[in-house]
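Asks: structure of the sequence below:
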Amino acid sequence: MFPAVTGNIDLEALSGICGSISIACWVVVFSPQIIENFRRGSADGLSLLFLIVWLAGDVFNILGAVLQGVLPTMIILAVYYTLADVVLLAQCFYYRGFTLRDEPSSPPRPVSPITAETYDEDTEIPSPVVPRKPTERTALLTSKQRTTFFNGSAIILVCAAGILGWYISQTSSLSSDKNNNNKHKDSPDDLKMDTLGQVFGYLCAVLYLGSRLPQILLNYRRKSTDGVSLLFFLFACIGNLTYVLSILAYSPVCERSHHGRCRSDELASLYGRYILVNLSWLIGSFGTLLLDMCIFIQFFLYQDANGGEVDAEAR
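Replies: Residues are numbered from 1 along each chain as shown. Below is the predicted model of the structure:
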């Protein structure tokens, strides 16, 4: 099973655009959570085990990427992810002390019915007939709309930056190809398996998958996602999704064939080998994407418990 190369779909361009958007998302992915922790003066919303396992996954990602011989840009990004993980861990230890235990915060206390509602000034006796000012509900709705607009705008800007980055790199690569006689990349000789690199790649995938479980369990125990940045996981989801698409949208090149086109059997063989080389990274990205969907479900399930923090990211 492999994608067909047609004149209507430029797989190389699609892969490049998705890859560039993925890079843009991963560059900014940690910023919302770092800002959220700084704004709240606390990092109790994050699971320490989540960050530690993720950091270990990033370390194996660097080792696997170097041994497998991926692009230098991806290696630099892997190092950047590791440094960002260290910043998040430093925040956690700074705000909660040097402890490895995740202490779930106590659930919010029920608000007294007398103080939960805001009455009209001229209302002396509560009565079902007399309407009450829905100030809290209106404020909550407004803050949710503001947060949705802020998150949507941030995602659009980051994706647009990724597309712009692809366009600039594509323009510069076209001019350089003319000077280098249009030498093809990703030739069959480039699709070689490095055993140690693959081992590190699969270890990285296992750690990435395991890192989400402590955060999901912590949210479940707290019955809240308070202190966890929604934009943090939105960027992670988009980054993983576009990364998977950038790998799948691959058009093999046969150097011995006419105009770089492959026969059907060669195309299937090369595409299968390419997927096999990148399988560990596909499993890690797609698997964490599915687990992040569980965290999104928790955001919606526990949104009432989050209370006044709903508009934290929009400030």
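
Asks: what are the ranges of the helices in the stretch 101-250 of the chain?
Replies: Using DSSP state H, counting those that start in this stretch, the helices of the stretch 101-250 of the chain run over 113-116, 135-179, 195-222, 230-248.

Asks: pLDDT (mean, whole number) over the shortest one?
Replies: Okay, so that is helix 113-116. Averaged across helix 113-116, pLDDT comes to 45.

Asks: equivalent analysis for stretch 148-157, please.
Replies: Stretch 148-157 comes out at a mean pLDDT of 92.

Asks: ok, so what distance separates residue 62 from residue 301?
Replies: Look at residue 62 and residue 301: by CB to CB, to the nearest Å, they are 35 Å apart. All C-beta atoms are positioned from the backbone trio N, CA, C, and that covers glycine.

Asks: rewinding a little: which of the helices of the stretch 101-250 of the chain sits most buried?
Replies: Using mean count of other CB atoms under 10 Å, the stretch among the helices of the stretch 101-250 of the chain with the largest mean neighbour count is helix 230-248, at a mean of 21.

Asks: nearest spatial neighbour of residue 203, chain-adjacent residues omitted?
Replies: Computed as CB to CB, 6 or more residues apart in numbering, the closest residue to residue 203 that is not its neighbour in sequence is residue 60, at 4.7 Å.

Asks: residues contacting the one you found?
Replies: With contact taken as CB atoms under 8 Å, 6 or more residues apart in numbering, residue 60 is in contact with 200-201, 203-204, 207.

Asks: quick one: the most centrally placed residue in the chain from residue 272, how far?
Replies: With distances taken as CA atoms, centre = their mean, the residue of the chain nearest its centroid is residue 236 (0.5 Å). Using CB to CB, residue 236 is found at 29 Å from residue 272.

Asks: quick one: low-confidence residue ranges for the stretch 1-150 of the chain.
Replies: The model of the stretch 1-150 of the chain has pLDDT under 70 over residues 1-9, 70-71, 73, 99-141.

Asks: quick revisit: select, out of the helices of the stretch 101-250 of the chain, the one closest to residue 12.
Replies: The minimum distance between residue 12 and those falls on helix 135-179, with 9.5 Å, by CB to CB.

Asks: just checking the distance from the closest one to the centre of its chain.
Replies: With CA atoms, centre = their mean, to the nearest Å as the basis, helix 135-179 stands 14 Å off its chain's centre.

Asks: now do stretch 284-293
Replies: Distance, centroid of stretch 284-293 to centroid of chain: 9 Å (CA atoms, centre = their mean).

Asks: average pLDDT across it?
Replies: In the prediction, stretch 284-293 has an average pLDDT of 92.

Asks: related to what we said a few turns ago, could you dump the helices of the stretch 101-250 of the chain to JSON lines with distance to residue 284?
Replies: Output for the helices of the stretch 101-250 of the chain, formatted as JSON lines (distance: least, CB to CB, whole Å):
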{"stretch": "helix 113-116", "distance to residue 284": "46"}
{"stretch": "helix 135-179", "distance to residue 284": "20"}
{"stretch": "helix 195-222", "distance to residue 284": "3"}
{"stretch": "helix 230-248", "distance to residue 284": "8"}
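
Asks: closest to residue 13 out of the ones you listed?
Replies: helix 135-179 (7.7 Å).

Asks: list the helices and strands that closest one packs on?
Replies: Where contact means 3 or more CB pairs under 8 Å, 6 or more residues apart in numbering; DSSP states H and E, helix 135-179 is packed against helix 11-28, helix 230-248.
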